[in-house]
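Undergrad: Predicted model, plus sequence, below.
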Amino acid sequence: MTKTIEFFSKHKVFLITLFFIAIINLVLLYNDVVVTTIAIFSILGLALLLSLLINKEIFYNITIFFIPLSFIMEQRSGPAISFPSEMFAVILFLYLFFEFFSKGKLEFTILKHPITILILVDFLWMVLTSLASTMPIVSLKRTAIKLLYLTIYYFYSISVFKNTENIKKVYVLYSLGLIFPIISSFVFHAKYNFSIAAAYKMTQPFYNDHTIYGACLTFLIPIIIYFISESKKSMKFIWILLFLIFVVATFLSYSRASWVSLILILFLYFATYFKINMRSIMLILVATSMVGFLSFNVIKEKFKTNKSVSNKDISQHIESVGNVNSDASNTERLNRWYCAWRMFLDKPFAGFGPGTYQFKYGPYQIKELTTRISTYKGDKGNAHSDYLGYLCETGLPGLLIYLSLIYATMQLGLKNAYNQASKHRKLSMALFLALTSFFIEGFFNSFIDIDKTMMLALCGMAALVAIDLNENKSSDLSIKDSVI
């Protein structure tokens, strides 16, 4: 058995190549779609289980690769699942669970890190609000999914990222997996002359919403720029080409939130040239918010005169960001935000429970804000804001915990990026900008329960923590050496 495992370990590339050849042959040999599908997934399942037994890191990498290629499978009973990525994640979770109980090892340095502490406090509050939920079964299911994501994409990722080269590998794998959905979207979109109306469906079946697709592209752009700056001449051209594809794809996603976040992180990057700190960033945000609040009536009147609609031409699509009068997308977003706020006022401390918004917001709608896409059935939609979602589902304490996590993450990103002695300053800056784009888009959309976006964000946090722990370990060793 040991010799067999050694053989497979030494011939991983050969076996993976053989695996893909087998799939291609099956597709060519069988015309029966059902037989082909069963055969492909049977071989895929066996290969994955074999990779897990040989090296769980290989299985982890395969899971990452398939996340952008997964699609939503609706079930008659129970929540929809992202297939096959969530299936892979469950298998890896169970393997890690049994491995932990057989070996019983926990790294205290990871557990005492401020980011980890905030993540655990966030999860604990989620458990408590699930128990007090207006729909406990729904909330506990949402909490179970959160546990799955945290275990795989945060805690296990930190152990993988001890070798910092693996941080790059994870985002390379996701980017490679995203290429086919991009091509698929381009082909579909081209049939409709790249119209804005077609953008809402072009990303299916891989991405249910063009805003999720846009958020993932925006997240990866700063990391791809990092790869361009660090790659050798032979690879630089490929990364530049990929960068151009991702920028065009972001533009054609017609996700206004992605456009805004991309512009804002560009300004933020230039601001870091002056070594701006988190306190300054927060002061700017607070000052901007105060100006907006004091000018609310003027802005409101201005928006009322804006008649641009988001599914017309590009110039109107951009102008429609400020149209809250006739643009259904914007008006419905305001409707959802207003419902979330009214729900919070009803249950300010513990909220309605994780995952309950879509089932509970219907009665909180008011006629003046409802649109042709509004619903009272609880069959679709979320609060269209991570922050308001936290507020109405887990109460004010939940939101404050999440905001603390965001602040600590951004602060850590800047700390790593400004560390002159660090070998990973550029990578930390790329991760900081990528995560900031995720946090910015969280104002306009809700991505915290979607594996395609949460994997990117949690792995980004895990990467910053791993870099921080590695730097601290190196500095401790250098101090010991100097003492000796």
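TA: Perfect, thanks for sending it.

Undergrad: For residue 72, pull up the helix or strand it's in.
TA: strand 71-73 (DSSP states H and E).

Undergrad: Just checking: what are the partner strands of the following helix or strand past that strand?
TA: Past strand 71-73, further along toward the C-terminus, the next helix or strand under DSSP H and E is strand 81-83. As defined by DSSP bridges, the strand partners of strand 81-83 come to strand 71-73 (antiparallel).

Undergrad: gap between the spatially most central residue of the chain and residue 460?
TA: Nearest residue to the geometric centre of the chain (C-alpha atoms, centre = their mean): residue 453, 1.8 Å. Distance from residue 453 to residue 460, counting by C-beta to C-beta, to the nearest Å: 11 Å. Quick note: C-beta positions are derived from backbone N, CA and C, even for glycine.

Undergrad: Between the two, which contacts overlap?
TA: 219, 438 (C-beta atoms under 8 Å, 6 or more residues apart in numbering).

Undergrad: separation between residue 426 and residue 245?
TA: From residue 426 to residue 245 the distance is 22 Å (C-beta to C-beta).

Undergrad: These two: who's more crowded?
TA: residue 245 (18 against 14; other C-beta atoms under 10 Å).

Undergrad: so what's that one up against?
TA: Per C-beta under 8 Å, 6+ apart, neighbours of residue 245: 179, 182.

Undergrad: Name the residues that touch whichever strand or helix holds residue 91?
TA: Per DSSP H and E, residue 91 falls inside helix 85-103. For helix 85-103, the surrounding residues in contact (C-beta under 8 Å, 6+ apart) are 48-49, 52, 56, 59-60, 62-63, 66-67, 69-70, 81, 106, 148-149, 151-152, 156, 451.

Undergrad: Ok, stretch 395-411 next?
TA: So stretch 395-411 is contacted by 114-115, 118-119, 121-122, 125-126, 129, 278, 281-282, 344, 347-351, 386-387, 390-391, 432, 435-436, 439, 461, 464 (C-beta under 8 Å, 6+ apart).

Undergrad: which parts of that stretch are buried?
TA: Using 16 or more other C-beta atoms under 10 Å as the test for burial, stretch 395-411 gives 395, 397, 398, 399, 401, 402, 405, 406, 408, 409, 410, 411.

Undergrad: of those, closest to residue 271?
TA: Using C-beta to C-beta, residue 410 comes nearest to residue 271 of the buried residues of stretch 395-411, at 12.5 Å.

Undergrad: Look at that closest one and give its secondary structure.
TA: helix (DSSP: H, G, I helix; E, B strand; the rest coil).

Undergrad: Renumber starting at 142 from here on
TA: From this message on, residue numbering opens at 142, which makes the last subject residue 551.

Undergrad: any idea how far it is from residue 479?
TA: Applying C-beta to C-beta to residue 551 and residue 479 gives a distance of 28 Å.

Undergrad: Same question for residue 200.
TA: Residue 200 is 45 Å from residue 479, by C-beta to C-beta.

Undergrad: Of these two, which one has the most company?
TA: Neighbour count, other C-beta under 10 Å: between residue 200 and residue 479, residue 200 has more, with 21 against 17.

Undergrad: Run the chain-centre distance for stretch 289-298.
TA: Taking C-alpha atoms, centre = their mean, to the nearest Å, one finds stretch 289-298 lying 13 Å from the centre of the chain it belongs to.

Undergrad: Can you give me the buried ones in whatever helix or strand residue 324 lives in?
TA: In the assignment (DSSP H and E), residue 324 maps to helix 306-332. For helix 306-332, the buried set under the neighbour-count rule, 16+ other C-beta under 10 Å, comprises 307-316, 318-319, 322-323, 325-326, 330.

Undergrad: Okay, and the residue nearest to the centre of the chain sits in which element?
TA: Going by DSSP H and E, residue 594 is in helix 592-624.

Undergrad: coming back round to it: return the closest of the buried residues of stretch 536-552 with respect to residue 356.
TA: Of those, the one sitting nearest to residue 356 (C-beta to C-beta) turns out to be residue 547, at 15.5 Å.

Undergrad: how far away is that closest one from residue 533?
TA: Distance from residue 547 to residue 533, by C-beta to C-beta: 18 Å.

Undergrad: Could you do residue 344 as well?
TA: 28 Å.

Undergrad: Pick out whichever of the two has more residues nearby.
TA: residue 533 (30 against 25).

Undergrad: chain center to the helix or strand hosting that one, what's the gap?
TA: According to DSSP H and E, residue 533 maps onto helix 527-559. The chain centroid and the centroid of helix 527-559 are separated by 15 Å under C-alpha atoms, centre = their mean.

Undergrad: do stretch 578-587 as well
TA: 10 Å.

Undergrad: do stretch 490-502 as well
TA: 21 Å.

Undergrad: Only alpha carbons, please: show it as CSV.
TA: Only the C-alpha atoms of stretch 490-502 are listed here, as CSV (Å, rounded to 0.1, in the frame of the first residue of the first chain):
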residue,chain,number,x,y,z
PHE,A,490,-30.6,42.9,19.0
ALA,A,491,-30.7,39.4,17.5
GLY,A,492,-32.4,40.0,14.2
PHE,A,493,-34.7,37.6,12.4
GLY,A,494,-32.0,34.9,12.1
PRO,A,495,-29.4,34.1,9.4
GLY,A,496,-30.9,33.4,6.0
THR,A,497,-34.4,34.5,6.9
TYR,A,498,-34.5,37.9,5.0
GLN,A,499,-36.0,36.6,1.8
PHE,A,500,-38.8,34.9,3.7
LYS,A,501,-39.6,37.8,6.0
TYR,A,502,-39.2,41.0,4.1
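
Undergrad: Can you list the neighbours in contact with it?
TA: Counting by C-beta under 8 Å, 6+ apart, 267, 269-271, 273-277, 279-280, 282-284, 287, 477, 480-481, 484-485, 519-524, 530, 532-539, 590 sit against stretch 490-502.

Undergrad: Let me know the secondary structure of residue 344.
TA: Of the three states, residue 344 takes coil according to three-state DSSP.
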